[in-house]
Structures are given as structure tokens and as C-alpha cells.
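J.: Sharing a model prediction with you, sequence too.
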Amino acid sequence: MKTEKPQVDSAAPETFSTELRVFTIDHLNNLIAVLTSHHYQVFGPIVRDKAIVYDEISSVSDLPVGWIDTQTKASYRLSKRAAKTVFSNYTVGPHSWKKYLHKPTTCLVSSDREGAELAIGDTQAEIPMQALIGVRACELNAIAIQDKVLLGGPFSDPIYRERREKTLLVAVNCGKAGGTCFCASMGTGPRVTSGFDIALTEINENNRHYFLAEVGSPKGEAILAELPTEPATELDIQAANRVIATATHQMGRKVDMTEIKEVLYRNTENPRWRDVSERCMSCSNCTLVCPTCFCTTIEDTTDLSGAKAERWRKWDSCFTMEFSYIHGGSIRTSPGTRYRQWLTHKFASWFDQFGTTGCVGCGRCITWCPVGIDITEELRAIRDSELVDAGAPKAKE
């Protein structure tokens, strides 16, 4: 069966097969080898510094085989089991894929002065083709949101655009929910639905360990065609659905998105912001681990002689005092006002700017907040405060 996929920048939709295929765990190495033979630099999850992070991989042995993560507020732990699962027993760690698309540091301009002559240098090395393996549904939605922010409108980011166009996405359906995940209530997971080139579901039951593969683009179809696959049966599809259903049913947190923008706009002076102010350390962890946060700052540097100068773009955070500095000082002087700005932007003004929420429910900001501030609890507390004011009972957690 052939389907058409509408393209953002292309006049003609792309056509590719939607036939589901399966391949054994032994051929996952083949997938990496095929990507490498097509000159992709391959990145995937690995274990480093007691966490699952993203880095370059060359074989399945680099992946977190058998590792399981346990996450809750301000807590992240890894443990190793005898099981040989590759993707199904952990979710997302502190890294997000944006570091390969919207890089933490980018040199924008470089100049060298020699006497009265000023030469403007070439700051951008050639951007390689890259394949990202193990992209979760929430992360695909985060990339789609960053596409809107950085490529939408009349002033798109050419560096992001080139990286995005040279990236192939191999997604993975989640087989478990992390302790801080709430993607199901955000409509962003755990099932992968769009934005991928290839989507895999890892199935390990009845002494069979294999992957069900779905194609999402002509590029993905070409890569998958080089693997030794077989057509998926109805039993394979049912097994994959059970894997995803397990993750859905495990999800313990949720956000009620009903009129969330209006609720936040009505509560700019809610006392809950002062409560957060007493706990928030303004460390900016939440924005750095967030897969959709995109704010940057500009730094100009020179060498000691003053002959060489560079302009760098670096990730920034709305949790720093400097971020809102204008003539006369910062306009958001307390942690509470900065948290209000961040949360209200994510769940209210982001809709006005980009037509979407700025949160995908990955739960990273909950896990990696050193004092355990839980974005789902804060939203519920603000909504419940209106119910209390109106004399209605609080919503059940």
C-alpha cells in the first residue's frame, strides 16, 4: 500500500509504502550499518555518568541493553537487568535531541583584522547528515514544535533548517512510562504517529525478540528496503499494540488541558506563584532539559590583541536575572515571577504565538528539578484554586 505524506516545504507530497515489516533483534546492527553506509552519522541513547544520554553510536553494543530507569520528582536512577531489551525499559534522560538540531553553542560571525583590512571568516563547518535512533513520540512532537518556532514565519533559522533537512529520524514506541511522564494527557504519546522516517516497536514475548517497523517517508522506505525484513502479521501488530498500551496504562501523571490558557491568564496574581518562589532555585535545569525551550543569548568575544572577534549564539534560560534585563534592570526579579513566565508561556501564550502548546509531557523538568517542583501539580493547584473560590470540590488527582 502506498500513502502520501504532505511536506512543509515541498509543493508535491511524498509517496511511500505503509506496509508494516518485522525484523529480528539480530538485524538492528544491520540498520545502523545501512545508515552508516548512506553516510549518516548515527546517534542514539547510551549509558554515561549513571544516566541515559544521547551520543554517537556504531553498533547495538553502544545502546543501553538491559538498562532500566526509575524516575520521580528530583530523582533518577538506573539499574541493570538480565533482560536484553534495547529500548523498552527506559524512557527519556536529561538530554533531548534538540542539541543536534538547535545546538547549545553556534558561532554566527568571525572576523580577523590585519592592519586596516578586516576579513569576515566562514563560521559554519559543513553540517553532516545525521540519523537519530530511539526518538520517542514526545520528542518527535518537540521537534515539530521547534520546527514551527525556528522555521515558521518570515524569519526562519537557516542553520536549524540545514540541520533539520539533513536529519533522519528513527523513532521508537515506548514500552514503559517513566515515573514523571504525562504525554498521554498532552496527546503527544506514547504512540508515535507522525514526523518520523522509520518507527520501531520492540517486541519481546513468546521467546521472540524482534521489531515491528513502520515507514514514515521515502528516505525511511529506502533504508528499510536494505534490511532483511518480512511482512508483519496481524499477531505482530497486536503484540506491538500491547507494548504501547502498557506504557499508556503505566502513566501516573496528567494535565487537564481544558481551557488551560484561559485559566493561566486569569491567574497571573495567584498566590501559588509565591509558593513556587519559595522553592524554586532558578537553576534553569527545567529549561535546559526541556526539548522545546529555544531561547538563546548572544555573546561577542575578542582575543587579547583585539584582532580576532567572534559572535556566538548560546542557549539561555528565562530563569536567569539577565534574561529579562533591560535598561534599568531586570523585569522579572523573583523566582516566582520567572516560573510564572515560563509556565504561562508553555501553556498559554505559546498558543498565541505558535498555535500549539510548548509542552509535550516528557516529564524531564520534574525529574531534573533539584527541589522536585512538578509542573502537573502546579497547573492542578492553580486550576483547583478557582474551584475553591467558586465553592466546588477539587479535581481528583
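T.: Nice, thanks for sending it over. Computed from a predicted model, the values in this text were never measured in an experiment. Residues are numbered from 1 along each chain as shown.
J.: So what does S111 look like in phi/psi?
T.: Main-chain dihedrals, S111, degrees, to the nearest 10: phi -140, psi 150.
J.: Show me the helices in the stretch 51-200 of the chain, by range?
T.: 137-151, 158-165, 183-186 (DSSP state H, counting those that start in this stretch).
J.: Just put the ones you listed in TSV and tack on mean pLDDT, distance to W350 and mean neighbour count.
T.: In short, each C-beta sits where N, CA and C put it, glycine included. Below are the helices of the stretch 51-200 of the chain laid out as TSV (pLDDT from 0 to 100; distance: least, Cβ to Cβ, whole Å; neighbours: other Cβ atoms under 10 Å):
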stretch	mean pLDDT	distance to W350	mean neighbour count
helix 137-151	97	8	23
helix 158-165	96	18	16
helix 183-186	97	13	22
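J.: Low-confidence regions, the stretch 1-150 of the chain specifically.
T.: 1-13 (pLDDT under 70).
J.: again, only using 50
T.: 1-8, 10-11 (pLDDT under 50).
J.: rewinding a little: nearest to R311, out of the helices of the stretch 51-200 of the chain?
T.: helix 158-165 (13.1 Å; Cβ to Cβ).
J.: And that closest one, what does it pack against?
T.: helix 137-151 (3 or more Cβ pairs under 8 Å, 6 or more residues apart in numbering; DSSP states H and E).
J.: Using CSV, write down the CA coordinates of the helix it packs on.
T.: Taking C-alpha atoms only, helix 137-151 is exported to CSV below (Å, rounded to 0.1, in the frame of the first residue of the first chain):
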residue,chain,number,x,y,z
ALA,A,137,6.8,10.2,20.5
CYS,A,138,7.0,13.1,22.9
GLU,A,139,10.4,14.0,21.3
LEU,A,140,9.0,13.9,17.8
ASN,A,141,6.3,16.3,18.9
ALA,A,142,9.0,18.5,20.5
ILE,A,143,10.9,18.6,17.2
ALA,A,144,7.7,19.5,15.4
ILE,A,145,7.2,22.4,17.8
GLN,A,146,10.7,23.6,17.3
ASP,A,147,10.1,23.4,13.5
LYS,A,148,7.2,25.9,14.0
VAL,A,149,9.3,28.2,16.1
LEU,A,150,12.5,28.2,14.2
LEU,A,151,11.2,27.6,10.6
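J.: Specify the angle between that helix and helix 158-165 in degrees.
T.: On the basis of axes from the mean of the first three to the mean of the last three Cα atoms, to 10 degrees, helix 137-151 is oriented at 140 degrees to helix 158-165.
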